[in-house]
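Engineer: Okay, structure incoming, though there's no sequence with it:
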């Protein structure tokens, strides 16, 4: 088993930030030759690392600290009034575990989601190879969940099961069902799953206070953020 002290990490060259215009970003990532197992991945998650495809990475920008790792403390989470209404509104949806997401239906949902929701991002235009490399299962820890209505696939979430929590890798969904707030609802179901598995946290990735696209993360209270080397409760966003 590789210890944190033995890990090698590499830094990218500064590049345009995907989230904040006019900012430069630098990313550090774990040596791809490192054997990643569940305990190591779990420990890295505790200090703010995330997975993208087969890479474990963390922002390491010299002039900006806007990207902050975030997680929900599952046992203490209390849904807001809006979230409770959303749970009732989507009570007709079914959650199923999928063997994989290599099928055309799943890819088509992803393609439409990127084109309509993230056409200004670095994953546009989507293609099958990028989709597979980004969301392929890793280290036997990845699970796929489908959210369906009368058999029709409305959303897919990709999650990694850690020693102490669930890492929400990515979620994509029907872009034309705004009243269902499918992105928020999927997070609520992931919190529910973490409770069933007796896990402490749901890791939501990086939260950026200046990014409107990230505002939804701070509606899951208590949200914890990793700052100055420790996890602390974020100020609630009303």
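Structural biologist: Arrived safely, thanks for sending. Predicted model only: the values in this text are computed from it and were never measured. Numbering: from 1, shown residues only.

Engineer: contacts and neighbour counts: CA atoms only from here.
Structural biologist: Will do.

Engineer: Let me see the ranges of the helices in the chain.
Structural biologist: Under the criterion DSSP state H, helices of the chain are mapped to 38-46, 81-89, 104-117, 128-135, 182-196.

Engineer: Tell me the buried residues in the last one?
Structural biologist: Okay, so that is helix 182-196. By neighbour count, and taking 16 or more other Cα atoms under 10 Å as the criterion, the buried residues in helix 182-196 are 182-188, 190-191, 194-195.

Engineer: May I see those arranged in TSV, with pLDDT and distance to residue 225 as well?
Structural biologist: Below are these laid out as TSV (pLDDT from 0 to 100; distance: Cα to Cα, whole Å):
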residue	pLDDT	distance to residue 225
182	97	24
183	96	20
184	96	19
185	97	21
186	98	20
187	98	17
188	98	18
190	98	18
191	98	17
194	98	18
195	97	20
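
Engineer: Just flag the most distant two among those residues.
Structural biologist: The span of the buried residues of helix 182-196, defined through Cα to Cα, is set by 182 and 195 at 20.0 Å.

Engineer: picking up where we left off before, dump the helices of the chain into JSON lines; add distance to residue 152 as well.
Structural biologist: Written out in JSON lines, the entries for those read as follows (distance: least, Cα to Cα, whole Å):
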{"stretch": "helix 38-46", "distance to residue 152": "33"}
{"stretch": "helix 81-89", "distance to residue 152": "17"}
{"stretch": "helix 104-117", "distance to residue 152": "10"}
{"stretch": "helix 128-135", "distance to residue 152": "21"}
{"stretch": "helix 182-196", "distance to residue 152": "14"}
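
Engineer: what mean pLDDT does stretch 24-39 have?
Structural biologist: Model confidence over stretch 24-39 averages 94 on the pLDDT scale.

Engineer: That one: end-to-end distance?
Structural biologist: The stretch stretch 24-39 measures 32 Å between its terminal residues, going by Cα to Cα, to the nearest Å.

Engineer: just how off-centre is that stretch within its chain?
Structural biologist: Distance, stretch centre to chain centre, for stretch 24-39: 16 Å (Cα atoms, centre = their mean, to the nearest Å).

Engineer: Buried residues, that stretch. List them.
Structural biologist: With the criterion 16+ other Cα under 10 Å, stretch 24-39 contains buried residues 24-30, 36.

Engineer: what does stretch 160-177 give?
Structural biologist: 160-162, 164-175.

Engineer: Farthest-apart pair in the residues you listed, please.
Structural biologist: For these, the maximum inter-member distance is 31.9 Å, found between 164 and 175 (Cα to Cα).

Engineer: ok so, going back, filter the buried residues of stretch 24-39 down to just the ones in strands.
Structural biologist: 24-25, 27-30 (DSSP state E).

Engineer: For residue 121, what are phi and psi?
Structural biologist: Recorded main-chain torsions at residue 121 are phi -100, psi 180, according to degrees, to the nearest 10.

Engineer: Contacts only, for residue 190.
Structural biologist: When contacts are counted by Cα atoms under 8 Å, 6 or more residues apart in numbering, residue 190 is found next to 166, 168, 202.

Engineer: re the thing from before, let me know which of the helices of the chain is the nearest to residue 13.
Structural biologist: Each of those has some distance to residue 13 by Cα to Cα; the shortest is helix 128-135, at 20.7 Å.

Engineer: which other helices and strands contact the closest one?
Structural biologist: Using 3 or more Cα pairs under 8 Å, 6 or more residues apart in numbering; DSSP states H and E as the contact criterion, no secondary-structure element is in contact with helix 128-135.
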